[in-house]
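Enquirer: need the 3D shape of this:
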Amino acid sequence: MIDFTQKVKKSPTLTDFMIMLAIGFGTVGFGHFSAKYLSAFFSDFVASIDSQTWRNVFSFLGSSFFWLISISTIIAILLSYTKAKNYEGAGASKLGSIFIYILVATIGMKMDLKSGF
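Expert: Residues are numbered from 1 along each chain as shown. Below is the predicted model:
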């Protein structure tokens, strides 16, 4: 990764940042759109399973958050095989790290610390 970053390193321009943000927000937007339909479909599918044990095992398929993260990750992996990977030289992973911290903080804000007591 370090060797590749050094090979494509460049000074980022406003256009680079706008394209990286467009790719990120576009991917997550598509993930939100798709997750709504996939979670509804799989909720119905899981509800139709006869065994309660298997319903509990596959209940995560009805979560839109699961589908959002899965779809976004799959798209990101697919983009790593395209020319979009060259945005690493403009700081794409640094920008991505910022959004990972925002994601973790968002999840943390939804925690109920009193629930364990």
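Enquirer: where in this structure is pLDDT low?
Expert: 1, 112-113, 115-117 (pLDDT under 70).
Enquirer: and with 80 instead?
Expert: For the chain, applying pLDDT under 80 flags the ranges 1-8, 110-117.
Enquirer: quick check: longest helix in it by residues?
Expert: The longest helix of the chain (DSSP state H) is helix 14-47.
Enquirer: mind listing what's buried in that one?
Expert: For helix 14-47, a neighbour-count test (16 or more other C-beta atoms under 10 Å) marks 16, 19-20, 23-24, 27-28, 31, 34-35, 38-39, 42, 46 as buried. (C-beta placed from N, C-alpha, C; glycine too.)
Enquirer: distance from the chain centre to that helix, please.
Expert: Computed by C-alpha atoms, centre = their mean, to the nearest Å, the chain-centroid distance of helix 14-47 equals 8 Å.
Enquirer: can you name the element that comes right after it?
Expert: helix 52-57 (DSSP states H and E).
Enquirer: other residues contacting stretch 52-61?
Expert: Applying C-beta atoms under 8 Å, 6 or more residues apart in numbering, the contact partners of stretch 52-61 are Ser39, Phe42, Ser43, Phe45, Val46, Ala47, Ile49, Phe66.
Enquirer: returning to that earlier point: so can I have a markdown table of the buried residues of helix 14-47 showing distance to Ser72?
Expert: Output for the buried residues of helix 14-47, formatted as a markdown table (distance: C-beta to C-beta, whole Å):
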| residue | distance to Ser72 |
| --- | --- |
| Asp16 | 21 |
| Ile19 | 17 |
| Met20 | 15 |
| Ile23 | 11 |
| Gly24 | 9 |
| Thr27 | 5 |
| Val28 | 6 |
| Gly31 | 4 |
| Ser34 | 10 |
| Ala35 | 9 |
| Leu38 | 13 |
| Ser39 | 14 |
| Phe42 | 17 |
| Val46 | 22 |
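Enquirer: of those residues, closest to Gly108?
Expert: The closest of those to Gly108 turns out to be Val28 (C-beta to C-beta; 18.6 Å).
Enquirer: appreciated, that's everything.
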